[in-house]
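# what would the 3D arrangement of this be:
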Amino acid sequence: MSAGLDPALREAVLALAVQAGRSILEVYASDFEVEAKSDRSPLTEADLAAHACIRDGLRALQPSLPVLSEESADTELTHRREWQRYWLVDPLDGTREFVKRNGEFSVNIALIEQGRPVFGVVHAPVGGELFWAEAEQGAWLRAPERDDEPLCVRRPALAPLRVAVSRSHLDPRSAALIGRLSGALQVPLGSSLKFCRIAEGHVDLYPRFGPTGEWDTAAGQCVLEAAGGAVLALDGQPLRYNARDSLINPDFLALGDPDLPWRDWL
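Okay, here's the model as predicted:
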């Protein structure tokens with residue numbers, strides 16, 4: 001990835017994220033129904049519409065590359081382990097926020113190479129923000145009617161630290177960690193937009209103890225890493241993809257400033 005993604009492919013994927021966002025907003029404006037998946041998480045027509053849009057679009061752009069989406073995550077392990085390069089997609093991240101109609105949901109598309117996210121797109125349909133990044137190239141925000149603006153984390157991160165907390169998933173361990181940070185300011189946020197706000201320098205930290213799917217984090221991790229931050233498992237290693245039998249991530253910390261003494265907080 002040192003040479004960067006082909007610009008035509010990059011722009012096509014960015015446009016695809018926006019297209020998926022439009023399909024989500026069409027449902028958002030309607031009187032939609034909510035179903036429950038086997039893990040009791042919500043599913044809407046918007047999830048399925050965005051999934052079909054992105055799946056078909058990526059297959060048209062690069063027919064040889066596999067596409068792994070949250071809504072098609074039953075791919076056999078034996079097949080998945082053979083993939084060295086593939087698309088990893090969450091067509092609607094933050095369905096609970098979508099159902100609550102608070103606007104804090106996103107479209108996530110990441111390109112994975114040898115277990116690492118090397119290109120990532122996070123699109124916020126409400127507001128139209130488009131965050132995108134390439135590993136070792138940089139991260140940018142494309143807002144409506146504006147040119148791309150480079151993203152950079154707040155480093156060094158000075159007290160009081162600003163900590164992203166999930167609107168739907170704040171767990172006791174995260175609450176306890178935040179309690180150990182003197183004077184920390186909690187910033188409630190939904191979906192992978194938490195990674196993006198850290199990449200912008202608006203937030204410093206996002207601790208996550210509890211299950212997340214690989215599709216939830218890959219695009220946001222790419223954006224944050226390219227802006228100078230890190231997404232680390234509790235052993236200090238960056239999150240990696242397609243490396244375990246399960247598609248569920250380990251616990252992790254997303255950091256704007258990787259030099260923060262995060263081990264002391266655990």
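# please report how far the nearest residue to P125 once chain neighbours are set aside lies from E136.
In this structure, P125 finds its nearest non-sequential neighbour in G21, 3.5 Å apart by Cβ to Cβ, 6 or more residues apart in numbering. For the C-beta atoms, the positions are set from N, CA and C on the backbone; glycine is no exception. Separation of G21 from E136 (Cβ to Cβ, to the nearest Å) stands at 27 Å.
# check the chain for its longest helix and report it.
Counting residues, the longest helix found in the chain (DSSP state H) is helix 7-28.
# give the buried residues for it.
10, 13-14, 16-21, 23-24, 27-28 (16 or more other Cβ atoms under 10 Å).
# next one: stretch 132-144
Result for stretch 132-144 [16+ other Cβ under 10 Å]: buried residues 132-135, 138-142.
# distance check, P261 against L185.
Counting by Cβ to Cβ, the gap from P261 to L185 is 18 Å.
# who's more crowded, those two?
More crowded of P261 and L185, by other Cβ atoms under 10 Å: L185, with 13 against 6.
# give me the three-state assignment for the residue most central in space within the chain.
Centroid-nearest residue in the chain: G220, 3.4 Å away (criterion: Cα atoms, centre = their mean). Counting by DSSP: H, G, I helix; E, B strand; the rest coil, the backbone at G220 sits in helix.
# find the helix or strand that the nearest residue to it once chain neighbours are set aside is a member of.
Closest residue to G220 apart from its sequence neighbours, by Cβ to Cβ, 6+ apart: F195 at 3.0 Å. Element membership of F195 [criterion: DSSP states H and E] is helix 193-200.
# what is the rounded mean pLDDT of that helix?
Computed over helix 193-200, the mean pLDDT rounds to 98.
# that one packs against which elements?
Under the contact definition 3 or more Cβ pairs under 8 Å, 6 or more residues apart in numbering; DSSP states H and E, helix 193-200 sits against strand 116-123, strand 130-134, strand 138-142, strand 162-166, strand 205-208, helix 214-226, strand 252-255.
# any idea how far the residue sitting furthest away from the middle of the chain is from L77?
Most distant residue from the mean C-alpha position of the chain: S182, 27.9 Å away (Cα atoms, centre = their mean). Distance, S182 to L77, using Cβ to Cβ: 44 Å.
# try L181
The spacing between L181 and L77, counted by Cβ to Cβ, is 39 Å.
# out of those two, which sits in the busier spot?
Set side by side, L181 and L77 show more neighbours around L181, with 18 against 12, by other Cβ under 10 Å.
# does that one really touch R162, like I thought?
No. Taking contacts as Cβ atoms under 8 Å, L181 lies outside contact range of R162: 10.1 Å.
# what about stretch 27-46, average pLDDT?
Here the average pLDDT along stretch 27-46 is 83.
# who touches that stretch?
The contact list for stretch 27-46 (Cβ atoms under 8 Å, 6 or more residues apart in numbering) reads 23-24, 26, 49, 92, 95-96, 98-99, 101, 125-126.
# looking at neighbours, which among the residues you listed is most surrounded?
Most surrounded of the contacts of stretch 27-46: other Cβ under 10 Å gives L92, at 31 neighbours.
# report whether it is found in a helix, as I expect.
No. Counting by three-state DSSP, one finds L92 to be strand, located in no helix.
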